[in-house]
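Undergrad: what shape does this take:
(2 chains)
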2 protein chains.
Amino acid sequence: MSDVISAVPVRDALAPFAERMLATLDALLPASDAEEGRLYDAMRYSALGGGKFIRPYIVLASGRMFGVDETCALRAGAAVEMIHAYSLIHDDLPAMDDDDMRRGRPSCHRAFDEATAILAGDALLTLSFEVLADPATHPNPAVRSDLVAALAGFAGGRGMVGGQMIDLESEHAEVGAELIARLEMMKTGALISFSAGAGAILGEAPAEARANLEAFGVELGLAFQITDDLLDAVGNETDVGKAVGKDADAGKATFVSALGVEGARQEARRVTDSALSRLDPFGARADELRSVAEFVLARNS
Amino acid sequence: MSDVISAVPVRDALAPFAERMLATLDALLPASDAEEGRLYDAMRYSALGGGKFIRPYIVLASGRMFGVDETCALRAGAAVEMIHAYSLIHDDLPAMDDDDMRRGRPSCHRAFDEATAILAGDALLTLSFEVLADPATHPNPAVRSDLVAALAGFAGGRGMVGGQMIDLESEHAEVGAELIARLEMMKTGALISFSAGAGAILGEAPAEARANLEAFGVELGLAFQITDDLLDAVGNETDVGKAVGKDADAGKATFVSALGVEGARQEARRVTDSALSRLDPFGARADELRSVAEFVLARNS
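TA: Numbering: from 1, shown residues only, chains lettered A, B, ... in the order given. Below is the predicted model of the structure:
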């Protein structure tokens, strides 16, 4: 597909999209001068702090395939971005990956403190479900309820959080590519799978369309994570915005440690092709999602 | 009211109720021998580990007022208990209250480790919304969506998590009874307010009934927390199941530090009476909730 699809349109589209996403998040995040204001400041620091908003962009692109109102898609995108932001806050904690830097500036617990960072993550996670359940996200309560059930399923113990548990358990262990694929499909794939399927939920599309998009998302997420591993192994600290080479230093299981740099590049390509095949039934309607996939694979690697 | 209502029936009812609640939670919590099994073990350790299930009991009692199916009430009760369990796990962390003991045995991060405890809390929080959004909790999606919105509102940054933030900010500070009341209504009152109102949501009762029950709940929660402060200040370590006198040692702001033991006892009584007055419109239908209130105030103090 790479000869017909260019990553440039997505890169060009992300900047103006990021402005609308920031405005949406800004309106949804609480602010206060009262005693709990420190919590809200930490939530805003992380949720508004330089994310590329790839997951919400996927929600928007998926929603466009089914004529979903953009305000609805932006709100669902804000919910998934809040989950993503909370997961980064908690993953960066000293008891977890112990990262001082995130997106080129201090991680939440370094900018605030550990207790505030734990609570900011908890509050962002909780707020994401409050946003999805709000009638402003969709007039049909069955759609809102489906969105909550889907996001909770993908983000919880059988999805993203379970993947992080496996990741921690796999440190300093001999881990094969199969287990790494499973953990990364849970840790990263699950949230992108929700994002790709969210448009079908919002558009009240047939179950088969949602299933295809979720399958696309989980494989795209896997490709995304392999690319992230490659960036850590061979990327430049300034481009990546966080310390590189940390995975190898920490003895973490990654596709690069299991397959080598070239093997990981090939695997990313293979998984991306499989993901793209999930979009075949949608024809040209899915071109925007195809561009996102190419963009994810192409970034800085 | 204390001359006509006895706390004994609630104490007698809690033991058989606890068995049904444990069975409900056991069926909802994941289990696995795979790599992520450690996460599920930690979730089970905390959610099934000796809670009194007062919040789910309030959901059940509230639901009975509106003829709610018991299976629905048990599931909604399981959701609020998962939130309660997650909040205890995170509150006990070294960066927060640093408690080694909870309910007479090691706290989650002592029984497992800090990273697992953080993730177990995250997964319980997420699962609670998955349970509420599941059609098995209620056939009407509008009810499910309302439950999610209500629980997220009460449990998040403007409720329980915000209250914990204020609590941490108030350590070693001169704090008046007014701010303590605000933080404890958020930290403890919010979740009990959800529990009391949940029966009205499940029973599709008028908004006024729900509002009265939520007002009852938040004041009952305040009374509950004042009693908890009293137990910490004057209770016996064996009865309470955790270290006592820790609040004073940690310089934490409590009703006892602001009002003294006798003043706190009077305030608990006053707040309880106010809470009970919220039940007047329901007549004898609310007797079970009245008994819960008396039980909460009477326990070990």
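
Undergrad: so residue A:252 sits against residue A:170, correct?
TA: Yes - counting by C-beta atoms under 8 Å, residue A:170 is a contact partner of residue A:252 at 7.5 Å. From N, CA and C alone the C-beta is placed, and that goes for glycine too.

Undergrad: between those two, who's got more neighbours?
TA: residue A:252 (21 against 18; other C-beta atoms under 10 Å in any protein chain shown).

Undergrad: do you know how far the more buried one is from chain B?
TA: 13 Å (C-beta to the nearest C-beta, to the nearest Å).

Undergrad: could I get the phi/psi values of the closest residue to residue A:91 other than its chain neighbours?
TA: What sits nearest to residue A:91 in space, not counting adjacent residues and going by C-beta to C-beta, 6 or more residues apart in numbering or on different chains, is residue A:97, at 5.2 Å. Dihedral pair for residue A:97: phi -80, psi -10, per degrees, to the nearest 10.

Undergrad: check what pLDDT residue A:97 gets.
TA: Listed pLDDT for residue A:97 reads 93.

Undergrad: count the neighbours of it for me.
TA: 20.

Undergrad: you'd agree it is up against residue A:89?
TA: No - Residue A:97 is beyond contact range of residue A:89, at 11.1 Å (criterion: C-beta under 8 Å).

Undergrad: mind listing what's buried in stretch A:142-159?
TA: Residues of stretch A:142-159 classed as buried by neighbour count (16 or more other C-beta atoms under 10 Å in any protein chain shown): A:142-159.

Undergrad: could you list which of the residues you listed also contact chain B?
TA: A:142, A:144, A:145, A:146, A:148, A:149, A:152, A:153, A:155, A:156, A:157, A:158 (C-beta under 8 Å from any C-beta of the partner chain).

Undergrad: which one of those is nearest to residue A:65?
TA: residue A:146 (17.0 Å; C-beta to C-beta).

Undergrad: helices or strands up against the host helix or strand of residue A:43?
TA: Secondary structure assignment for residue A:43, by DSSP states H and E: helix A:37-47. Secondary-structure packing of helix A:37-47 (3 or more C-beta pairs under 8 Å, 6 or more residues apart in numbering or on different chains; DSSP states H and E): helix A:70-91, helix A:108-111, helix A:114-133, helix B:160-169.

Undergrad: distance between the strand or helix carrying residue A:149 and the chain's centre?
TA: Per DSSP H and E: residue A:149 is located in helix A:141-155. Centroid separation between helix A:141-155 and its chain, computed with C-alpha atoms, centre = their mean, to the nearest Å, is 16 Å.

Undergrad: put together TSV for the ones next to chain B among the buried residues of stretch A:142-159, with distance to residue B:195 on each row.
TA: Below are those laid out as TSV (distance: C-beta to C-beta, whole Å):
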residue	distance to residue B:195
A:142	25
A:144	22
A:145	20
A:146	25
A:148	19
A:149	22
A:152	20
A:153	24
A:155	24
A:156	22
A:157	23
A:158	26
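
Undergrad: from those residues, which two are the most distant?
TA: A:142 and A:157 (24.9 Å).

Undergrad: list the contacts for residue A:214?
TA: A:193, A:194, A:196, A:197 (C-beta atoms under 8 Å, 6 or more residues apart in numbering or on different chains).

Undergrad: from those residues, which are also near chain B?
TA: Okay, of the contacts of residue A:214, nothing touches chain B (C-beta under 8 Å from any C-beta).

Undergrad: looking at those, which is nearest residue A:47?
TA: residue A:194 (17.1 Å).

Undergrad: so the closest residue to residue A:158 other than its chain neighbours: helix, strand or coil?
TA: Once flanking residues are discounted, residue A:158 sits nearest to residue B:30: 6.1 Å by C-beta to C-beta, 6+ apart. Following DSSP: H, G, I helix; E, B strand; the rest coil, residue B:30 is assigned to coil.

Undergrad: now residue B:30: phi and psi?
TA: Residue torsions, per degrees, to the nearest 10, at residue B:30 are phi -70, psi 160.

Undergrad: kindly provide the distance from residue A:44 to residue A:28.
TA: Residue A:44 is 11 Å from residue A:28, where distance means C-beta to C-beta, to the nearest Å.

Undergrad: kindly report the same for residue A:187.
TA: Distance from residue A:187 to residue A:28, by C-beta to C-beta: 25 Å.

Undergrad: and the two? Which one has more around it.
TA: residue A:187 (23 against 20).

Undergrad: check contacts around the more buried one.
TA: A:160, A:163, A:164, A:166, A:167, A:225.

Undergrad: all helices for the stretch 151-300 of chain A, in order.
TA: A:160-169, A:177-184, A:190-202, A:207-234, A:237-240, A:246-249, A:255-277, A:287-298 (DSSP state H, counting those that start in this stretch).

Undergrad: now, of those, which is deepest in the fold?
TA: helix A:190-202 (a mean of 29; mean count of other C-beta atoms under 10 Å in any protein chain shown).

Undergrad: could I have the CA atoms of that one written out in PDB?
TA: Extracted C-alpha coordinates of helix A:190-202, given in PDB (Å, rounded to 0.1, in the frame of the first residue of the first chain):
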ATOM      1  CA  ALA A 190      -6.200  -2.600  23.300                       C
ATOM      2  CA  LEU A 191      -6.600   1.200  23.500                       C
ATOM      3  CA  ILE A 192      -6.100   1.700  19.800                       C
ATOM      4  CA  SER A 193      -8.500  -1.100  19.200                       C
ATOM      5  CA  PHE A 194     -11.100   0.800  21.200                       C
ATOM      6  CA  SER A 195     -10.300   4.000  19.300                       C
ATOM      7  CA  ALA A 196     -10.800   2.300  15.900                       C
ATOM      8  CA  GLY A 197     -14.100   0.600  17.000                       C
ATOM      9  CA  ALA A 198     -15.500   3.700  18.700                       C
ATOM     10  CA  GLY A 199     -16.600   5.300  15.400                       C
ATOM     11  CA  ALA A 200     -18.600   2.200  14.700                       C
ATOM     12  CA  ILE A 201     -20.200   2.300  18.100                       C
ATOM     13  CA  LEU A 202     -21.000   6.000  17.800                       C
END
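
Undergrad: angle of that helix against helix A:255-277?
TA: For helix A:190-202 against helix A:255-277, the angle by axes from the mean of the first three to the mean of the last three C-alpha atoms, to 10 degrees is 20 degrees.

Undergrad: tell me which other helices or strands helix A:190-202 touches.
TA: helix A:54-64, helix A:70-91, helix A:141-155, helix A:160-169, helix A:207-234.

Undergrad: try it again with 6 Å
TA: helix A:54-64, helix A:70-91, helix A:141-155, helix A:207-234 (3 or more C-beta pairs under 6 Å, 6 or more residues apart in numbering or on different chains; DSSP states H and E).

Undergrad: show me which residues of chain A sit near chain B.
TA: A:30, A:35-36, A:39, A:90, A:95-96, A:114-115, A:118-119, A:122-123, A:125-127, A:129-130, A:133, A:141-142, A:144-145, A:148-149, A:152-153, A:155-157, A:161-162, A:165-166, A:168-169 (C-beta under 6 Å from any C-beta of the partner chain).

Undergrad: quick check: buried residues in stretch A:62-70?
TA: So, applying 16+ other C-beta under 10 Å, buried residues of stretch A:62-70: A:62, A:63, A:64, A:65, A:66, A:68.

Undergrad: check contacts around the fourth one.
TA: So the one you mean is residue A:65. A:199, A:285 (C-beta atoms under 6 Å, 6 or more residues apart in numbering or on different chains).
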